[in-house]
Structures are given as structure tokens and as C-alpha cells.
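Engineer: 3D model of this:
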Amino acid sequence: MNRKLLIIDVAAMGWNLLQSHDKAELAGLSFAPTQTVLPAVTCTAQASFRTAAAPACHGMVANGLYFPQLRKPMFWEQSSALVGGERIWSNLRDRGGKVAMLFWQQSMGEQVDILMTPAPIHKHHGGMIQDCYCKPNWLYKDACEHVGSPFKLRYYWGPLASAKVGDWIAGATARVLTDSRLSPDVCMVYLPTLDYDLQRHGPNSSQAAKALDVLAVQLGVILAAADKAGYDTIAFGDYAIAETSGAAALPNLALAEAGLFATRDVRGMLYPDFHTSRAFAIVDHEIAHVHTTDEAATDEARRVLESTPGIAEVLDAGVMSNVGLYCPRSGQLVAIAAEGTWLAYPWWSDRKSAPDYATHVDIHNKPGFDPCELFFGWPPMSTSQDTSRIRGSHGRIGPGREIAYASTFELPNKPECLLDLAGQAKHIMDQ
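Structural biologist: Coordinates of the predicted model:
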């Protein structure tokens with residue numbers, strides 16, 4: 001490889017966002033639009049970039065997957081084995097090159113030489129030991145000393161989530177780029193800075209504008225270190241967040257009312273019964289994979305969801321195959337939210353029936369992504385269940401949903417989509 005390459009995935013950096021806030025030039029980078037993948041969510045986009053392949057090929061079809069043998073949905077699992085396919089850096093490493101991956105999803109056990117990702121230890125009697133999984137194992141301690149503080153998970157997700165986490169990641173990345181003990185040939189880093197306030201307040205809000213200003217500073221820190229260490233840079237957004245009216249469609253409630261989604265009553269709380277349900281939706285922002293037990297259940301679920309307010313269309317296996325989404329891990333159907341709304345996971349209409357985890361930050365037990373975790377609720381220290389508070393969401397693709405990308409050097413070609421951009425990055429690594 002003739003050059004060192006830095007790759008920055010900036011969460012929620014859509015082209016319309018930069019244009020509407022007059023930020024097409026940001027931190028010295030000149031951005032342009034391109035298309036992303038369906039669904040436009042974090043894990044799918046990152047898996048698609050690292051393999052230069054469609055979701056149907058690598059299998060990471062959403063942030064959460066349903067495992068039929070366990071009859072259990074699981075969100076935000078971090079094993080790199082969940083992402084199938086050859087990595088775009090494989091040839092580079094085969095030739096002795098070094099690769100770093102910082103804060104990307106599904107990075108544990110990845111075929112890289114340098115690694116850092118959040119990995120807290122949950123104590124048996126409550127509480128948490130905040131830590132990061134690292135390779136080499138001294139890296140997290142060194143980063144903490146360089147940044148001046150430990151990585152704080154409360155800033156990464158939950159009601160206190162903020163751009164502060166991006167400050168920490170930027171400082172740690174600068175350290176990795178300039179530390180002579182590490183010297184990766186390729187360094188990939190994820191910056192979640194924009195994600196929080198764009199979901200809370202929408203991409204056209206004053207809070208979004210402020211988040212962009214903070215992002216510019218963080219990119220400046222990373223790019224200064226990259227320049228000092230001789231790196232070329234590619235930066236891209238994984239998805240574009242669009243304004244929502246606050247309304248949320250409830251596919252699981254619709255399926256429950258139709259008798260397809262089964263629940264267990266535990267002390268007045270309704271918990272999902274995936275062992276006997278004939279259809280259920282694993283929701284993820286603006287899309288949901290709908291899993292069914294048989295053809296009759298699939299047909300009935302499709303009729304129910306197509307008549308559910310807030311759902312724009314329901315894709316079957318044929319349509320999913322045409323867009324590179326259908327594989328053994330996908331649902332038999334995929335529901336897509338109407339423009340201006342999003343899909344929420346609840347299957348209850350009375351809050352008294354909500355399961356215990358509904359009022360907590362619990363990204364692993366909830367069978368769906370819950371942006372309401374970005375807000376405090378009532379009683380104190382709980383999280384909100386008010387879906388009307390959400391003002392931005394993502395997952396759809398198409399006109400107005402382009403992502404932004406930039407590079408500090410001339411790319412071989414103007415990328416037509418995220419997969420094309422990944423392919424060009426691979427071409428550079430293979431040289």
C-alpha cells in the first residue's frame with residue numbers, strides 16, 4: 001500500500017443536513033452526495049462498507065437480528081462473526097499491513113491489528129464497570145491518560161448521550177494515528193456526534209446546527225493528527241436522518257390486535273411470547289423485519305401492516321431480493337415507515353401493561369430500537385415512553401436521503417453509492 005488511509009464514519013451525516021445548514025465545506029473537507037444501503041442503519045451500513053457488499057451478502061440486515069433457533073431477537077451484538085464476507089482490507093493484511101478499527105459495531109474478534117470498542121462489565125448486584133475492549137490490551141488505559149478521562153458510556157447512549165463522546169473518540173483516534181507503537185496503515189473510526197440531537201430535535205433544529213459545529217471541531221482534531229502522521233482521509237455518513245412529526249407507527253400492536261403476536265401476562269405486564277407468536281416485527285427506526293411462522297401468517301401479517309397507519313409499504317421476498325436485502329436472516333416481510341413517521345416496538349396500548357424494560361435504557365432486551373431512551377421519563381431516573389418526542393429518524397433510502405462523503409485526495413471515480421465508495425477504498429488498500 002503506497003499511502004496510509006484514515007476512514008471516518010460519521011453517524012447521520014446526510015447531504016441534505018449539510019446543505020440546509022450551509023456546511024458542505026466542513027473542517028476543510030468538501031462534501032458531495034451519494035446513496036447508502038437499505039436499511040440505512042448503523043450496523044448494516046458499516047457491514048456493507050467493510051465488505052463492499054449488499055446486506056443480503058454479509059447478513060447484517062439491521063441493528064437487531066432474530067435468531068429462530070433461540071426464538072429470540074438480539075440487538076447490538078458485537079461479534080464480528082455476525083458479518084459475513086471478505087473484508088476490504090484482507091489483501092492488505094495478507095501482505096503484512098496493519099489495520100485499526102475504533103468504535104465500529106460488530107468489531108470484537110474482527111480481523112484487525114488494533115481495536116477499541118465499548119465493553120462495560122455489568123456487576124452482579126447492579127452497577128457497571130466502564131471499560132473498552134482493546135487490542136493491544138494496554139490501548140484503553142493509554143487513551144484515557146491521553147484524553148484525560150475514561151470513556152463514559154452514559155454519553156454514548158441514553159438520556160445523557162451527547163457530543164462529549166465524540167470529543168473522547170476524537171482524542172483517542174488522534175493518539176492512535178500518531179503513536180509510533182501502533183502506526184496502522186488503515187484506521188477506521190466511528191463518530192456518533194450527530195446522532196443524538198438529530199433524533200431528539202430533528203435535522204433542521206438549532207441543536208442540529210450546534211452539533212455540526214461540534215463535529216467540525218472533532219474532525220479538526222482527527223484530521224490534524226492524520227496530517228501530522230501522513231494519512232489520506234475518506235469521510236462518509238452512514239445514513240441521513242429526516243424530520244418526523246413525532247408520530248410513530250406500532251406494527252406489533254397491530255399484529256397483536258389481529259391475533260398474530262402473542263404475549264405473556266406477568267404481574268399485569270405484557271411480555272412477548274416469540275415461541276407461539278405467528279408474526280412479529282423487529283423494528284429498527286423506519287424499517288422492521290417481520291418474521292412469520294408460515295405462508296398463511298405471512299399473508300395475514302401483510303394485510304394487517306398494509307392497513308396500519310404510518311406504514312408506507314410492505315416488501316415481500318421478491319422485492320427484498322431485488323434490492324439486495326433478502327437472505328436467511330431477513331424477515332419474510334419488511335415494513336417501511338411513511339415519510340415523516342417511524343416504527344416503534346410496543347405491543348401494548350395501556351402503559352400499565354408495559355414490560356419493566358420499557359422505562360429503562362435496555363438496548364439488548366427490547367425487541368426493537370427505542371429512541372425514547374434519549375429522554376428522561378417519569379418517575380425520576382426512568383426513560384420516556386412518549387414516542388411523540390422523537391423528531392428525527394432514518395432507515396429509508398431514496399431522493400432526499402443521500403449521505404455525504406469527502407476525501408482529502410482525488411478518488412478514482414465519483415462513487416455512485418456506499419458500496420462503490422467501499423470498493424474504491426479497497427482498490428487503494430490493494431495497491
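Engineer: as a quick check, tell me the outermost residue of the chain.
Structural biologist: No residue in the chain has its C-alpha farther from the mean C-alpha position than Arg267, which lies at 34.1 Å (Cα atoms, centre = their mean).
Engineer: tell me how far it lies from Ala354.
Structural biologist: Between Arg267 and Ala354 the distance is 12 Å, computed by Cβ to Cβ, to the nearest Å. C-beta coordinates here come from the backbone N, C-alpha and C atoms, glycine included.
Engineer: all helices of this protein, in order?
Structural biologist: Under the criterion DSSP state H, the chain contains helices at 15-20, 42-51, 55-58, 90-94, 139-147, 164-178, 195-201, 206-229, 251-257, 295-306, 317-322, 418-430.
Engineer: tell me the most buried of those helices?
Structural biologist: Neighbour counts (mean count of other Cβ atoms under 10 Å) averaged over each of those peak at helix 42-51, with a mean of 26.
Engineer: now do that one: which elements does it pack against?
Structural biologist: Here helix 42-51 is seen to pack against strand 4-10, helix 55-58, helix 418-430 when contacts are counted using 3 or more Cβ pairs under 8 Å, 6 or more residues apart in numbering; DSSP states H and E.
Engineer: give me that answer again for 7 Å
Structural biologist: With contacts defined as 3 or more Cβ pairs under 7 Å, 6 or more residues apart in numbering; DSSP states H and E, helix 42-51 has these neighbours: helix 55-58, helix 418-430.
Engineer: which residue ranges of the stretch 251-400 of the chain form strands?
Structural biologist: Counting by DSSP state E, counting those that start in this stretch, the stretch 251-400 of the chain has these strands, from start to end: 263-266, 269-272, 279-284, 287-292, 311-315, 333-337, 342-343, 392-393.
Engineer: mind checking these for the one nearest to Pro159?
Structural biologist: With Cβ to Cβ as the criterion, Pro159 lies closest to strand 392-393 of the strands of the stretch 251-400 of the chain, at 16.3 Å.
Engineer: touching the closest one from outside, list them.
Structural biologist: Residues outside strand 392-393 that contact it (Cβ atoms under 7 Å, 6 or more residues apart in numbering) are Leu198, Gln199, Gly202, Pro203, Ile241, Ala242, Glu243, Thr244, His285, Glu286, Trp342.
Engineer: now, which of those sits nearest Val334?
Structural biologist: For the contacts of strand 392-393, the closest approach to Val334 (Cβ to Cβ) belongs to Glu286, at 10.8 Å.
Engineer: which ones are touching the closest residue in space to Pro415 that isn't next to it in sequence?
Structural biologist: Nearest residue to Pro415, sequence neighbours excluded (Cβ to Cβ, 6 or more residues apart in numbering): Leu421, at 3.9 Å. Applying Cβ under 7 Å, 6+ apart to Leu421 gives the contacts Thr34, Phe236, Tyr405, Pro415.
Engineer: likewise Ser79?
Structural biologist: Ser79 is in contact with Gln106, Met108, Gly109, counting by Cβ under 7 Å, 6+ apart.
Engineer: quick check: domain ranges of this structure?
Structural biologist: Taking automatic domain parsing as the reference, the chain has its domains at 4-243+396-430, 248-390.
Engineer: these into JSON lines, with extra columns for mean pLDDT?
Structural biologist: Formatted as JSON lines, the domains of the chain follow (pLDDT from 0 to 100):
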{"stretch": "domain 4-243+396-430", "mean pLDDT": "97"}
{"stretch": "domain 248-390", "mean pLDDT": "97"}
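Engineer: count of residues packed around Ser388?
Structural biologist: As a burial measure, the neighbour count of Ser388 was computed by other Cβ atoms under 10 Å and equals 12.
Engineer: now stretch 57-74: buried residues?
Structural biologist: Buried residues in stretch 57-74, defined by neighbour count with 16 or more other Cβ atoms under 10 Å: Cys57, His58, Gly59, Met60, Val61, Ala62, Asn63, Gly64, Leu65, Tyr66, Pro73.
Engineer: distance to Ala174 added to the residues you listed, as TSV?
Structural biologist: Compiled in TSV, those are given as follows (distance: Cβ to Cβ, whole Å):
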residue	distance to Ala174
Cys57	34
His58	30
Gly59	34
Met60	29
Val61	34
Ala62	32
Asn63	28
Gly64	32
Leu65	34
Tyr66	39
Pro73	37
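Engineer: let's see which of the residues you listed end up in strands.
Structural biologist: Among those, the subset assigned to strands under DSSP state E consists of Gly64, Leu65, Tyr66, Pro73.
Engineer: do you know how far the nearest residue to the second one once chain neighbours are set aside is from Ala242?
Structural biologist: Ranked by Cβ to Cβ, 6+ apart and with sequence neighbours excluded, the top spatial neighbour of Leu65 is Arg329, at 5.5 Å. Distance of Arg329 to Ala242, given as Cβ to Cβ: 26 Å.
Engineer: between those two, which one's more packed in?
Structural biologist: Neighbours around Arg329 and Ala242, counted as other Cβ under 10 Å, are more numerous at Ala242. The numbers are 24 against 20.
Engineer: for that one, list each beta-bridge partner.
Structural biologist: Per DSSP bridges, the residues bridged to Ala242 are Ser393.
Engineer: show me the contacts for it.
Structural biologist: Shown in contact with Ala242 (Cβ under 7 Å, 6+ apart): Pro203, Gly392, Ser393, His394, Arg401.
Engineer: which of those residues sit farthest apart?
Structural biologist: Gly392 and Arg401 (12.3 Å).
Engineer: ok, Leu160 touching Arg154?
Structural biologist: Yes. The pair Leu160 / Arg154 is scored as a contact, 4.5 Å apart, by Cβ atoms under 7 Å.
Engineer: thinking again about what came up before, nearest to Ala11, of the ones in strands among the buried residues of stretch 57-74?
Structural biologist: Compare each of those with Ala11 using Cβ to Cβ and the shortest gap goes to Gly64, at 17.0 Å.
Engineer: check contacts around the closest residue to that closest one other than its chain neighbours.
Structural biologist: Setting aside the residues directly before and after it, Gly64 is nearest to Phe75 in space (Cβ to Cβ, 6+ apart), at 3.5 Å. Phe75 makes contact with Asn63, Gly64, Ile363, His364, Phe369, according to Cβ under 7 Å, 6+ apart.
Engineer: same thing with Ser382?
Structural biologist: With contacts defined as Cβ under 7 Å, 6+ apart, Ser382 is in contact with Thr359, His360.
Engineer: look up how far Leu421 lies from it.
Structural biologist: Between Ser382 and Leu421 the computed distance is 41 Å (Cβ to Cβ).
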